[in-house]
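Enquirer: what's the 3D shape of this:
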Amino acid sequence: MSIQKEIPKLVEAKVISQSTADDILTYYANQKQPTQNRLLSIFGTLGAIMVGLGIILIIAHNWDQFPRSIKATFAILPLVIGQFACGFTLLRKQTSQSWREASSAFLFFAIGSCISLISQIYNIPGQLGSFLFIWMILYLPIPFLMRSSVGSILFIVGSLFYALNIGYWEYPNTIPYWYILFIAASILFYLIQKKENPAGNSVAIHSWLIPLSITICLRAFSKNHEEIMFLAYMSLFGVFASIGKQVSFSQLTPASNGFKIIAWLGSIIVLLILSFDAVWIDIRRNSYEFPTLLQSTEVYATILLTTIALILAKINWTKSKAGFSESLFFVLLLIYITASHTSFAYILVNLLVFAFGIVTIVSGNREQNLGILNSGLVIITALIICRFFDTDLSFVLRGILFLSIGFGFFIANYQLLKKRKHHA
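Expert: Predicted structure coming up:
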């Protein structure tokens, strides 16, 4: 039964008025439009990428047979086509999301192919890092001009590869300072998108890509005192946890809140690593001198991230939204300052992880949320597994501990389901 056919019959039968019929038709038209636009954007973008790759493969098959001038023409031609497509979109198809996404994606690959081909044709030497840097610098304004989510996603991925190449893969490794500009531009675009459409798919994807990219690339800013990066990472995850608690994220599904999930997983991984005494033994071997600390990028990264985390945590505390997870970085900072050169540091971290697990279990039971409850049980289980490898407990005692945890899972879930049924 089609709504378009039934509405006129209802108006004729005087069941609804003409104005009501118009409102209903307008409502359903608006409901269908976003889906159509989304499909057009997806297939338009995939089509642009496939066409670009097809052209590259066809040309590559006969590449050696072309003279240098023809090669240069073929190298520049996709760039010209991409720029023309973007210009045409801005002038004639500015309201079409599919045109904006497809032309931006095509131009992204056109810029990269043009730079690499011209370098190869005229034998211009250079490293992969410099190539990626020029590519990202040239493409940086395009997502803003075209208002393209796909363009922004491609830019984030390209910036990530740039930072990985400069900070991890090239020798000697250098600090990718330009990555700060790239990720700042990506965050700005994300905030604009979040303001325009907070529940959109683009916001959800950026909520995963941005924190994941920062988490991977933060290690590239470490040169001299790698052990200090534990504090930088915990502060970073404190920032993510505070961001994930914002009201605007309530419009997203829990799986779309990448800031919150990455903060939780990252904090647990860092704390579990620090729960081993061997890690703290290595930390105690390091001696810090004030002049070297002033030249350490790890110190500046930690100070910056800790300051931001404290500000966001204070804002959440004033709004009564802050939880235990947003304060973990501050507790670890206190442990590091007061006990890093003692044998009690790893004991304090173990107590912190255990407390985090208990608080999470209590929170899940209070909110009647099985996911949060089981997350707390997973934290306790992971802690016990870590202690399984560095303690001299007998196999019988270890078996009893695992049996206890297993029964704890069943009992906790059964009690929560029973409580839910009682309230229902």
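
Enquirer: Which segments of the chain make up each domain?
Expert: For the chain, the structural domains run 1-125, 222-424, going by automatic domain parsing.

Enquirer: Now do the strands for the chain: every range, in order, please.
Expert: With DSSP state E, there are no strands along the chain.

Enquirer: Can you give me the neighbour number for T307?
Expert: 12 (other Cβ atoms under 10 Å). Heads up, the C-betas are built off the backbone N, CA and C, glycines and all.

Enquirer: my bad, L351
Expert: Neighbours of L351 (other Cβ under 10 Å): 14.

Enquirer: do you know how far it is from V331?
Expert: The gap separating L351 from V331 is 10 Å, by Cβ to Cβ, to the nearest Å.

Enquirer: Hmm, Y168 is touching A220, no?
Expert: Yes - if you go by Cβ atoms under 8 Å, Y168 and A220 touch, sitting 6.1 Å apart.

Enquirer: Settle it for me: which of the two has more neighbours?
Expert: A220 (19 against 14).

Enquirer: ok, back up a step: of all the domains of the chain, which lies closest to I180?
Expert: Closest of these to I180 is domain 222-424, at 10.4 Å (criterion: Cβ to Cβ).

Enquirer: can you give me how far that closest one is from the chain middle?
Expert: 19 Å (Cα atoms, centre = their mean, to the nearest Å).

Enquirer: try stretch 205-220
Expert: Here the centre of stretch 205-220 is set off from its chain's centre by 5 Å, with Cα atoms, centre = their mean.

Enquirer: Which positions in that stretch come out as buried?
Expert: Under the neighbour-count criterion of 16 or more other Cβ atoms under 10 Å, stretch 205-220 has 205-215, 217-220 buried.

Enquirer: same deal with stretch 266-279?
Expert: For stretch 266-279, by 16+ other Cβ under 10 Å, it's G266, S267, I268, V270, L271, L272, L274, S275, F276, V279.

Enquirer: Including pLDDT, could those residues go into TSV?
Expert: Putting these into TSV (pLDDT from 0 to 100) gives the following:
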residue	pLDDT
G266	92
S267	91
I268	91
V270	92
L271	91
L272	90
L274	89
S275	87
F276	87
V279	85
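
Enquirer: Go through these and say which is closest to T297.
Expert: V270 (18.8 Å).

Enquirer: from memory the closest one sits against M229, does it?
Expert: No - using Cβ under 8 Å, V270 makes no contact with M229, being 9.5 Å away.

Enquirer: in the stretch 251-400 of the chain, which spans are helices?
Expert: Assigned by DSSP state H, counting those that start in this stretch, the helices in the stretch 251-400 of the chain fall at 258-274, 277-285, 290-294, 297-318, 328-339, 345-367, 370-390, 395-423.

Enquirer: Show me the one of those helices that comes nearest P125.
Expert: Evaluated over the helices of the stretch 251-400 of the chain, closeness to P125 peaks at helix 297-318, with 28.6 Å, by Cβ to Cβ.

Enquirer: show me what contacts L352?
Expert: The contact partners of L352, taken as Cβ atoms under 8 Å, 6 or more residues apart in numbering, are L271, L328, V331, L332, I335.

Enquirer: Who's the closest spatial neighbour of the second one, skipping the chain neighbours?
Expert: In space, not counting the residues next to it along the chain, L328 is nearest to S267; the distance is 5.3 Å by Cβ to Cβ, 6 or more residues apart in numbering.

Enquirer: Spell out which residues sit in contact with that neighbour, please.
Expert: Applying Cβ under 8 Å, 6+ apart, the residues near S267 are M234, F237, G238, A241, S325, L328, F329, F356.

Enquirer: same thing but at 7 Å, please
Expert: M234, F237, S325, L328 (Cβ atoms under 7 Å, 6 or more residues apart in numbering).

Enquirer: ditto for E326
Expert: G238, A241, S242, K245, A313, N316.

Enquirer: doesn't K319 make contact with the third one?
Expert: Spelled out, it's S242. No - using Cβ atoms under 7 Å, S242 and K319 do not qualify as a contacting pair, with a distance of 10.7 Å.
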